[in-house]
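Asker: give me the fold of what follows.
(chains A and B)
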Amino acid sequence: MRLGEHPILEFKKGKEVTIYFNGKPIKAYEGETVASALYAAGVRIFSRSFRFHRPRGFFCAIGKCSACMMEVDGIPNVRTCKVYVRDGMQIRTQTGTPDAEKDRFAALDDIIDRLFPHGAHYKRFTTPRILREFMMKQMRKFTGFGNPPKAVYEGKAEFEEIEADVAVIGGGPGGMSAAIYAARAGAKVVLMDENPFLGGQLVKQTHRFFGSGRHRAGTRGIKIATILEDELKELENVDVRKETKVFGIYDGVVAAVQKDEKLLKVKPKKIVVATGAYERTLIFENNDLPGVYGAGGVQTLMNVYGIKPGDVGLIVGSGNVGLILTYQLMQAGIKVAAIVEAMPRIGGYFVHAAKVRRLGVPIYVNHTVTKAIGKECVEAAEIARLENWQIVEGSQRVIDCDFICVAVGLSPTHELLYQAGCEMKFVPELGGLVPIRNKYGETTVNGLYVAGDVAGIEEATAAIMEGRIAGVDAAIKLGYGGDEAIKIREEVVKDLEEFRSGPFGERIVAGLKKVVVA
Amino acid sequence: MKDRKIVCRCEDLTEEDIIHAIEEGYDDLESLKRYTGATSGPCQGKGCLMHVIRILCAKTGKSPDEVGVTTQRQPVNPVPLYLLAKGDEK
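Answerer: Model prediction:
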């Protein structure tokens, strides 16, 4: 199920390797993640759920959920969507008996409510003591994530201390721009990103951006990532660390893990957090069935690895993400049955909607998905009409599709900021929990800046400008750049205000009023 | 397979489970988290936190600001222990 021809993208396949899934050999290509290689080979069930033993499959594709955790070369709880294939790799599912695909306890799902209704583990079988101890032993056999490691880690374990003026966390459009602008002003920068490539979510965007020429309008997202990366390469004072996950900020010291083999202690004078956002989920019946994906997961499969997510899709949400995804699917030769939108109007830009309509995809407003139908993966979806946010009885109908993409918005990745001690506020206009900051992006924690979606869900163009402002301001505060840098900063601030002054910026501006302090 | 609305994929909690726990009296975020296990699985609430807050708001009439959020602690990403042991040598 790999894509051959694509009108825009060219997929460079790596060397062919063989990996073993529950003992079965599977062909894969170097550069692919384990999860995508398994998906391409037709594996749909990656794990069984914790309590109900329901099948779970490929889902977020960016290491945020728990559905793809497996045992890799004897090490349990490895997120297979973030691990790259190596020849001879042994992969085993860690839930289900004997394995996740043919789990003997799958029938539990139908009867568990009678035996163990929710909360029963606190109430049932608690007396007498002997029964409690017996039940505890039995129950423990069924719970937990993975088995203790069978293998001892024998790879490298190194430690490195890095001193820098500015540490940038996240190598998407916001983070890259922050690094470029801080470095251009003269600061020594270290840029960390968890992926083996820079560009963040830009690498999945095959569409052209619009806006004015200065905002790189007319350029495809994938191209913008390469332009920014080239700009970074020209700068000698930027240390780029790929495959590096930051796991905490301890009193201004950034702790990270590089390639799972090196612990980094970064001591910067300023920090820019540009960790982006993750996808929201939607609650409907069987929303956990393999075949229900986030829009980003599907984009990753299709545009990064060149793998077909399915034959016919149903898109939930008609914001720009949903509309663009529909177009991208059709580009790759995959049918889209329909787009459903709970709101009474289409959420995204008119241009995108018009394009999708021209291609013959119906957009049903005031509709939502009520149920995913299928035994072990999606075989159809049930949609229904909404009136005042209530389902209209009798309006349900079944749509044939073999995957459902949920594109209902994003939430800022707030964890690191919250942990670092930033004052946060819940702002629905900005997508959720965002930090209080000044107009240059500095939060309530001295020297800690934010840029991009983590500061509020917007889009790549705004993220680039926010990154520039944060990066150059951090450099200015450290005494770099002089008057020239101040001029640049004020110019970008004005640019960003202009960019947000259109009708689509209204909501963002209203949200910003709640969190941006002078 | 039974038709279920899953709120928390890691800890396998349905919408009914969350509502049931709130009705049992666990009607603030911290005790709801401890009783049900929501937001404490491998994803640390990335999938469920916003839904739990929404359900809690709807059931109790509180605003999201009143409900608040769960505390985030280090490590925000998984760290292999052999690396932490290495760091200690220095």
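Asker: go through chain B and flag its longest helix.
Answerer: helix B:49-60 (DSSP state H).
Asker: give me the residues contacting that helix.
Answerer: Contacts with helix B:49-60, where a contact means C-beta atoms under 8 Å, 6 or more residues apart in numbering or on different chains, come from A:280-281, A:283, A:411, A:432, B:7-8, B:15, B:18-19, B:22-23, B:27-29, B:32-33, B:38-39, B:45, B:62-64, B:67, B:69-70. Just so you know, the C-beta spots here come from the backbone N, C-alpha and C atoms, and that holds for glycine as well.
Asker: list only buried entries from the residues you listed.
Answerer: A:280-281, A:411, A:432, B:7-8, B:15, B:18-19, B:22, B:29, B:32-33, B:38-39, B:45, B:62, B:64, B:67, B:69-70 (16 or more other C-beta atoms under 10 Å in any protein chain shown).
Asker: helices of the stretch 401-518 of chain A, start to end?
Answerer: A:415-420, A:460-477, A:482-499, A:506-515 (DSSP state H, counting those that start in this stretch).
Asker: and the last one, what does it pack onto?
Answerer: The one in question is helix A:506-515. strand A:424-427, strand A:432-435 (3 or more C-beta pairs under 8 Å, 6 or more residues apart in numbering or on different chains; DSSP states H and E).
Asker: restricting to C-alpha, output the first one in CSV.
Answerer: Which is strand A:424-427. What follows is strand A:424-427, C-alpha atoms only, in CSV (Å, rounded to 0.1, in the frame of the first residue of the first chain):
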residue,chain,number,x,y,z
MET,A,424,-0.9,29.9,32.1
LYS,A,425,-4.4,30.9,31.1
PHE,A,426,-7.2,28.9,29.4
VAL,A,427,-8.1,30.9,26.3
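Asker: each with direction, which strands does it pair with?
Answerer: strand A:432-435 (antiparallel) (DSSP bridges).
Asker: quick one: the strand it pairs with to chain centroid distance?
Answerer: Remark: strand A:432-435 is offset 17 Å from the chain centroid, using C-alpha atoms, centre = their mean, to the nearest Å.
Asker: neighbouring contacts of that strand?
Answerer: A:411-412, A:414, A:417-418, A:422-427, A:443-444, A:450, A:454-457, A:511, A:515, B:50, B:69.
Asker: stretch A:133-147 near chain B anywhere?
Answerer: Yes. Shown here: stretch A:133-147 in contact with chain B (C-beta under 8 Å from any C-beta of the partner chain) through A:F145.
Asker: now do that stretch, average pLDDT.
Answerer: In this model, stretch A:133-147 has a mean pLDDT of 82.
Asker: show residues contacting it.
Answerer: By C-beta under 8 Å, 6+ apart, the residues outside stretch A:133-147 that reach it are A:F50, A:S66, A:M69, A:E71, A:P76, A:N77, A:Q94, A:F105, A:H121, A:F125, B:P42.
Asker: which parts of the stretch 201-350 of chain A are strands?
Answerer: A:238-241, A:244-250, A:253-258, A:262-273, A:277-279, A:292-294, A:312-316, A:335-341 (DSSP state E, counting those that start in this stretch).
Asker: same question for chain B.
Answerer: Secondary structure of chain B by DSSP state E: the strands cover B:6-8, B:13-14.
Asker: would TSV of those strands with distance to A:G482 and mean pLDDT be doable?
Answerer: As requested, the strands of chain B are exported to TSV (distance: least, C-beta to C-beta, whole Å; pLDDT from 0 to 100):
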stretch	distance to A:G482	mean pLDDT
strand B:6-8	52	94
strand B:13-14	56	94
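Asker: figure out which of these is closest to chain A.
Answerer: strand B:6-8 (4.2 Å; C-beta to the nearest C-beta).
Asker: my understanding was that A:A485 contacts A:V472; is that so?
Answerer: Yes. Between A:A485 and A:V472 there is a contact at 5.4 Å, judged by C-beta atoms under 8 Å.
Asker: on that earlier part again, quick one, which of the helices and strands packed on helix A:506-515 is packed in tightest?
Answerer: strand A:432-435 (a mean of 26; mean count of other C-beta atoms under 10 Å in any protein chain shown).
Asker: so for that strand, what's the average pLDDT?
Answerer: Looking at strand A:432-435 alone, the average pLDDT works out to 93.
Asker: where in the stretch 151-300 of chain A is pLDDT low?
Answerer: For the stretch 151-300 of chain A, the stretches flagged by pLDDT under 70 are A:210-217.
Asker: show me what from it comes close to chain B.
Answerer: Neighbours of chain B within the stretch 151-300 of chain A, by C-beta under 8 Å from any C-beta: A:153, A:157-159, A:161, A:194, A:245-250, A:255, A:257, A:260-263, A:265, A:278, A:280-281, A:283-288.
Asker: PyMOL command for the buried members of these?
Answerer: Buried members of these, defined by 16+ other C-beta under 10 Å, are picked up in PyMOL with:
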select buried, chain A and resi 153+157+194+245+246+247+248+249+255+257+260+261+262+263+265+278+280+281+284+285+286+287+288
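Asker: number of nearby residues for residue 77?
Answerer: In the absence of a named chain, this looks at chain A. Close neighbours of A:N77, defined as other C-beta atoms under 10 Å in any protein chain shown, add up to 16.
Asker: ah, no, chain B please
Answerer: So B:N77, with other C-beta under 10 Å, has 17 neighbours.
Asker: on that earlier part again, just the buried ones from the contacts of strand A:432-435?
Answerer: A:411-412, A:414, A:417-418, A:422, A:424-427, A:443-444, A:450, A:454-457, A:511, A:515, B:50, B:69.
Asker: for the residue lying closest to B:L84 once chain neighbours are set aside, give its distance to A:E158.
Answerer: On the basis of C-beta to C-beta, 6 or more residues apart in numbering or on different chains, the spatially nearest residue to B:L84 that is not a chain neighbour turns out to be A:L263, at 6.9 Å. Taking C-beta to C-beta, to the nearest Å as the measure, A:L263 falls 7 Å from A:E158.
Asker: shared neighbours of those two, anything?
Answerer: In contact with both A:L263 and A:E158: B:K86, using C-beta under 8 Å, 6+ apart.
Asker: tell me the secondary structure for A:K150?
Answerer: coil (DSSP: H, G, I helix; E, B strand; the rest coil).
Asker: hang on, it packs against A:G74?
Answerer: Yes. Between A:K150 and A:G74 a contact is recorded at 4.2 Å, counting by C-beta under 8 Å.
Asker: and A:L386, helix, strand or coil?
Answerer: Applying three-state DSSP: A:L386 is strand.
Asker: looking at A:K150 and A:G74, which has the bigger crowd around it?
Answerer: A:G74 (14 against 11).
Asker: quick check: phi and psi on that one?
Answerer: The phi/psi pair for A:G74 (degrees, to the nearest 10) reads phi 90, psi -10.
Asker: how close does it sit to chain B?
Answerer: Look at A:G74 and chain B: by C-beta to the nearest C-beta, to the nearest Å, they are 14 Å apart.
Asker: next, count neighbours for the residue nearest to that residue when sequence neighbours are not counted.
Answerer: Closest residue to A:G74 apart from its sequence neighbours, by C-beta to C-beta, 6+ apart: A:A151 at 3.0 Å. Per other C-beta under 10 Å, the neighbour tally for A:A151 reads 12.
Asker: pretty sure A:A151 sits against A:E71.
Answerer: No. In this structure A:A151 lies outside contact range of A:E71 using C-beta under 8 Å: 9.4 Å.
Asker: residues shared between the contacts of those two?
Answerer: In contact with both A:A151 and A:E71: no residue, using C-beta under 8 Å, 6+ apart.
Asker: next up, the contacts around the residue nearest the centre of chain B.
Answerer: Centroid-nearest residue in chain B: B:T39, 1.7 Å away (criterion: C-alpha atoms, centre = their mean). Neighbour list for B:T39: B:C8, B:K33, B:G45, B:C48, B:L49, B:V52, B:T70 [criterion: C-beta under 8 Å, 6+ apart].
Asker: ok, the nearest residue to it once chain neighbours are set aside to A:V445 distance?
Answerer: Spatial nearest neighbour of B:T39, chain neighbours left out: B:G45 (3.3 Å); criterion: C-beta to C-beta, 6+ apart. Distance check for B:G45 against A:V445: by C-beta to C-beta, it reads 22 Å.
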